[in-house]
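Chemist: Below: sequence and its predicted model.
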Amino acid sequence: MSSFFEATEGYFPENAPWSNEISKLLDEAANGGGDFGEIHRTINTIKSGDEESWFSAWFGLAETVERLGIIADRRGERVTAIQSYFRASNYFRVASSFLLREDIRESRAFERHVQLFQKAGALCNPKIEPIEIPFEESTLHAYVSRPIASKIGNESFSDEKMPLAIIVGDVNSSCEENFFSLGAEAIKRDMAILLLDPPGQGSTLRIQKLAARFDFERVAAAVIDHLSSEMSQFIDCSRVGMVGSGMGSYYAVRAGAKEQRIKAIVVFGAVYNAVADLFDFYPPIRRWMTRSLEVAESTQARSKLGDFNLEGVAGEIECPILINHGTLDFVSSPFAANRLHDAIAHKNKVLKLYKAGHGISAHRAEAVSSSLDWLKRKLQKN
């Protein structure tokens, strides 16, 4: 855990999960998921290690910022309303982070996280539209959005189908949160986005009760089938990329190896073997992985995670892949990035290592921008 202390930025350095949550929030603030001044002021009111203090502080901030959005919305001040609803949404998520699922406050805070994100998304142009994707006997919670149909530079996108980035986050993330971490940046680069709560995450887990599953190619196939059928008027489903973070990187790689309609993969924080690289490497994550798998005990979770292994799978990847990892990552083992890179048989692969912790926070802007630029190039028309 010594690398953790090198990788933190000074907020709660004695508490790895809290520091990681703050690091994520600061990264997401760059795309409207927070404000540094609000975050800094709130942190200064929290008693370290006191989860009640954590919840009360972030929940109170979320309600304050939500009120700013309501006032702006009533006045017709759309931009301020969007900004306020987005920030409040993410603060409600942060408030719920360390509450037990049995605590009614956890579900209520998460519900407000989703509701306010949808209020903001409905005001955006184009809208960030919530959709339910049919999957087996249930549905997957997701959002779809795209760049504004207008002339950008010397290129016109108004009548042109766009490439698609399917974005899947870490085990304890929500697809709403992933808009701030990656989705907004993909839209800026003229890609349509699909923000997905896969089985085991976000509203798909909470509402549909779908547990995480190792065979993610089935999920990816259902998503692409649905988009091909329902949204082919603006999405070019022959140009689909997958972007995964943390546990989402396992899903992206697994899908890219098995589902040939995926044409490029971007990984932030590789996971080659979920037991070795996450569960055993970073014990605090066991709480969320147990929840994700819908089992009662962490020992049951560890057993089920044995199937979440890219051994013998990564070699099937035929599309280009970009792997980003922090050498000081204390959540996902840095060795996973090298193992994944070495297991891929073709040469159209890139491994980028940064002196940074989980989420590559110390070099986040550089890593995200260069990776999404790379993805856009790989999804260009031939």
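Modeler: Done, it's in.
Chemist: Would you map the strands across the stretch 1-150 of the chain?
Modeler: Listed from the start of the chain, the stretch 1-150 of the chain has strands (DSSP state E, counting those that start in this stretch) covering 129-135, 138-145.
Chemist: Using a markdown table, lay out those strands together with distance to Pro334, mean pLDDT and mean neighbour count.
Modeler: C-beta here means a position set from N, CA and C on the backbone, and glycine is covered the same way. Below are these laid out as a markdown table (distance: least, C-beta to C-beta, whole Å; pLDDT from 0 to 100; neighbours: other C-beta atoms under 10 Å):
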| stretch | distance to Pro334 | mean pLDDT | mean neighbour count |
| --- | --- | --- | --- |
| strand 129-135 | 33 | 98 | 17 |
| strand 138-145 | 30 | 98 | 22 |
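Chemist: can you give me the helices in the stretch 151-300 of the chain?
Modeler: Secondary structure of the stretch 151-300 of the chain, counting by DSSP state H, counting those that start in this stretch: helices at 175-178, 184-188, 202-206, 216-230, 247-258, 274, 286-292, 298-304.
Chemist: what about the fifth one, distance to the chain center?
Modeler: By that I understand helix 247-258. Here helix 247-258 is found 14 Å from its chain centre; the criterion is C-alpha atoms, centre = their mean, to the nearest Å.
Chemist: quick one: that helix to helix 216-230, angle?
Modeler: Direction vectors for helix 247-258 and helix 216-230, defined by axes from the mean of the first three to the mean of the last three C-alpha atoms, to 10 degrees, enclose an angle of 80 degrees.
Chemist: in the stretch 101-250 of the chain, which ranges drop under the pLDDT threshold?
Modeler: Along the stretch 101-250 of the chain, the parts satisfying pLDDT under 70 run over 149-159.
Chemist: circling back: and the strands of the stretch 1-150 of the chain: which comes nearest Arg291?
Modeler: Counting by C-beta to C-beta, Arg291 lies closest to strand 138-145 out of the strands of the stretch 1-150 of the chain; the figure is 16.1 Å.
Chemist: Of the helices of the stretch 151-300 of the chain, which is nearest Thr45?
Modeler: Judged by C-beta to C-beta, the one of those that comes nearest to Thr45 is helix 175-178, at 22.6 Å.
Chemist: What helices and strands are in contact with that closest one?
Modeler: The contact analysis (3 or more C-beta pairs under 8 Å, 6 or more residues apart in numbering; DSSP states H and E) places helix 175-178 against helix 78-96, helix 104-123, strand 138-145, strand 162-168, strand 192-196, helix 202-206.
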